[in-house]
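Asker: I would like to see how this sequence folds:
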Amino acid sequence: MNIDVIADLQIHSSYSRATSKNITFQNLEKYARIKGLDLLGTGDFQHPLQFKAINEELEEDENGILWSKNKFPFLWQTEISLIYTQNGKGQRIHHLIFSPNKEIAKQIIVVLSRKGRLDYDGRPIFGFNSVELVDMMRSISEDIEIIPAHVWTSHFSLMGEYNQLTKVEDCFKDNTKYIHALETGMSSNPADNRRLSVLDKFNLVSFSDAHSMWPFRLGREATILNFKELSYKNFLKAVRNGEGLKSTIETFSSYGKYHFSGHRVCEVSFSPEESRKHNYICPKCGNKLTVGVADRIELLADRPKGYVRKNYVPFVSLVPLQEAIASVLGAKQLNSKKVLEIYNKLIKEFKNELNVLLNVSYEDLIKIVHEKIAKIIIKNREGKLDIRPGFDGVYGTIVLDKNEKIKEQKSLGEF
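Answerer: Below is the predicted model:
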């Protein structure tokens, strides 16, 4: 009998820049269970202190899975940044790296340490190119998997605006045959990616790129795997040939921080049609806009919106539960007392966040929370939320009319 495994395999440790110092394996496990996740990446395994923590707190089994004391599973995973020049053009790309076991992870660490320091940042920067990365990893083991991360993001991604690449082969050359999957990132979803026929050969996965352990970051994007046994070998089968790749959980593309083109300082945000009219120039200051994912996809797509691929892997789009609750309450902080009070009540009753978001009926929800919160959860599930698109590093925001909001906190009554 097969089991579903909801996996978030793009995690950062507390040793990466701009991350929470409270990211520990204990906290990751705690909040992963609250979220409803079944498998996490270790994050930053090549960093000396993170590698030490992995070895002290997790125990590896014969299948390459690392287990906490309370039996929560992790996979050897890290992310590196490559900044280099190729064909006279600067390139900046983030790649996920997965190791089948500790011994291979140690060999990866040795090889990377010859290319630069590993102790200054959990996501280290190297000056060699993506072709060399593949050669380097395959010289260690053919079971090491490389997945380009958040492939459309404006600044550090394979297909993003900065690099000006139009297909995966532009990055990996002949080594493209060893790239099996792409991570879609928050600002695009599988349907967006399937508008490009040049991406047909690649499986699509989604992970959160979490910089903290909070449930509104952890597992906001995830991949649902389905197989008989939790093992690194089965993970490879899913990524490489789609065997066991069941579906993905996405945020709405418009929720992502780089969906629309715009200029944050001037609070200017444009759809692809509008940004083209302005020639990608901010009308307020005259500087170039940060070109968003929607623009890049429109530029490169050879298929129309709404294209559905045969035998496609399904996906669902959701905003995190705390985000939905906060929008109804008008709360500015996702971890505010009132938001957490309602959130924790739902988790206590219905076990975890993804169960609330995906499965619990409206009739059961209104027994626990205000009807307006129940309605927004259902609207979220049905993909009917109106979201003001994110741009230039600013998250998208849920747009509600006044009838969907709770005006006064006391109107929550017994809820």
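Asker: Just say helix, strand or coil for F74.
Answerer: Put simply, F74 is strand when judged by DSSP: H, G, I helix; E, B strand; the rest coil.
Asker: Same question for the one 10 residues further on.
Answerer: Taking three-state DSSP as the rule, one finds Y84 in the strand state.
Asker: and it, how many neighbours?
Answerer: Applying other Cβ atoms under 10 Å, we find 16 residues neighbouring Y84. Every C-beta, even on glycine, is put in place using the N, C-alpha and C of the backbone.
Asker: does it have beta-bridge partners, and which?
Answerer: With DSSP bridges as the criterion, Y84 is bridged to Q91.
Asker: As a check, name the ranges of all helices in this structure.
Answerer: Using DSSP state H, the helices found in the chain span residues 25-35, 48-57, 102-113, 130-140, 169-172, 190-193, 232-241, 272-277, 293-300, 321-329, 337-350, 353-358, 362-365, 371-381.
Asker: Rebuild the ones you listed as CSV, extending it with mean pLDDT and distance to W67.
Answerer: Below are these laid out as CSV (pLDDT from 0 to 100; distance: least, Cβ to Cβ, whole Å):
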stretch, mean pLDDT, distance to W67
helix 25-35, 98, 10
helix 48-57, 98, 10
helix 102-113, 98, 13
helix 130-140, 98, 24
helix 169-172, 98, 34
helix 190-193, 97, 31
helix 232-241, 98, 13
helix 272-277, 97, 46
helix 293-300, 98, 37
helix 321-329, 98, 27
helix 337-350, 98, 24
helix 353-358, 98, 22
helix 362-365, 98, 33
helix 371-381, 98, 32
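Asker: So which of these is nearest N87?
Answerer: Among these, helix 169-172 comes nearest to N87, with 8.6 Å by Cβ to Cβ.
Asker: How many residues are close by the nearest residue to I368 once chain neighbours are set aside?
Answerer: Distance criterion Cβ to Cβ, 6 or more residues apart in numbering; nearest residue to I368, sequence neighbours excluded, is E349 at 5.2 Å. The tally of other residues near E349 (other Cβ under 10 Å) stands at 15.
Asker: From F207, how far out is E349?
Answerer: Distance of E349 to F207, given as Cβ to Cβ, to the nearest Å: 28 Å.
Asker: Of the helices of the chain, give the one that comes closest to P389.
Answerer: P389 lies closest, by Cβ to Cβ, to one member of the helices of the chain: helix 293-300, at 7.5 Å.
Asker: picking up where we left off before, correct me, but the residue nearest to I368 touches L365?
Answerer: No - using Cβ atoms under 8 Å, E349 is not in contact with L365, being 9.2 Å away.
Asker: Can you lay out the helices of the chain as a markdown table showing distance to K257?
Answerer: Formatted as a markdown table, the helices of the chain follow (distance: least, Cβ to Cβ, whole Å):
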| stretch | distance to K257 |
| --- | --- |
| helix 25-35 | 20 |
| helix 48-57 | 25 |
| helix 102-113 | 28 |
| helix 130-140 | 24 |
| helix 169-172 | 22 |
| helix 190-193 | 15 |
| helix 232-241 | 25 |
| helix 272-277 | 16 |
| helix 293-300 | 10 |
| helix 321-329 | 14 |
| helix 337-350 | 21 |
| helix 353-358 | 21 |
| helix 362-365 | 29 |
| helix 371-381 | 19 |
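Asker: residue ranges with poor pLDDT in this structure?
Answerer: Scanning the chain for pLDDT under 70 picks out 408-415.
Asker: mind giving me the domain split of this protein?
Answerer: Domain assignment for the chain by automatic domain parsing gives 3-254, 319-390+397-412.
Asker: Just name the most buried of these.
Answerer: Stretch with highest mean neighbour count among the domains of the chain: domain 3-254 (a mean of 20; mean count of other Cβ atoms under 10 Å).
Asker: hey, what's D386 bridged with?
Answerer: Applying DSSP bridges to D386 yields these beta-bridge partners: V399.
Asker: Could you measure from it over to I376?
Answerer: 11 Å.
Asker: Pull up the overlap in contacts between these two.
Answerer: Here D386 and I376 have 398, 400 as joint contacts, going by Cβ atoms under 8 Å, 6 or more residues apart in numbering.
Asker: and C285, how many neighbours?
Answerer: By other Cβ under 10 Å, 11 other residues sit near C285.
Asker: show me the contacts for it.
Answerer: By Cβ under 8 Å, 6+ apart, the contact list for C285 reads 263, 265-266.
Asker: Dump those residues into TSV; add neighbour count as well.
Answerer: Output for these, formatted as TSV (neighbours: other Cβ atoms under 10 Å):
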residue	neighbour count
H263	20
V265	11
C266	15
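Asker: Sort out for me which of those residues are in strands.
Answerer: Within the contacts of C285, membership in strands is found for H263, as judged by DSSP state E.
Asker: could I get the contacts of C285 as JSON lines with distance to N311?
Answerer: JSON lines is the format used below for these (distance: Cβ to Cβ, whole Å):
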{"residue": "H263", "distance to N311": "41"}
{"residue": "V265", "distance to N311": "45"}
{"residue": "C266", "distance to N311": "44"}
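Asker: Give the full set of residues in contact with L218.
Answerer: By Cβ under 8 Å, 6+ apart, the contact list for L218 reads 8, 11, 28, 31-32, 35, 37, 208, 210, 212.
Asker: what's the distance between it and S187?
Answerer: Distance, L218 to S187, using Cβ to Cβ: 18 Å.
Asker: which ones are touching Q333?
Answerer: Q333 makes contacts with 326, 339, as judged by Cβ under 8 Å, 6+ apart.
Asker: just L40 next, same as before
Answerer: 7-9, 11, 28-29, 32, 72-75.
Asker: just so I know, which of the domains of the chain lies nearest P304?
Answerer: Closest among those, once you apply Cβ to Cβ, is domain 3-254, at 7.4 Å.
Asker: end to end, how far does that closest one reach?
Answerer: Start and end residues of domain 3-254 are separated by 31 Å (Cα to Cα, to the nearest Å).
Asker: I'd like the distance from it to the chain centre, please.
Answerer: Distance, stretch centre to chain centre, for domain 3-254: 9 Å (Cα atoms, centre = their mean, to the nearest Å).
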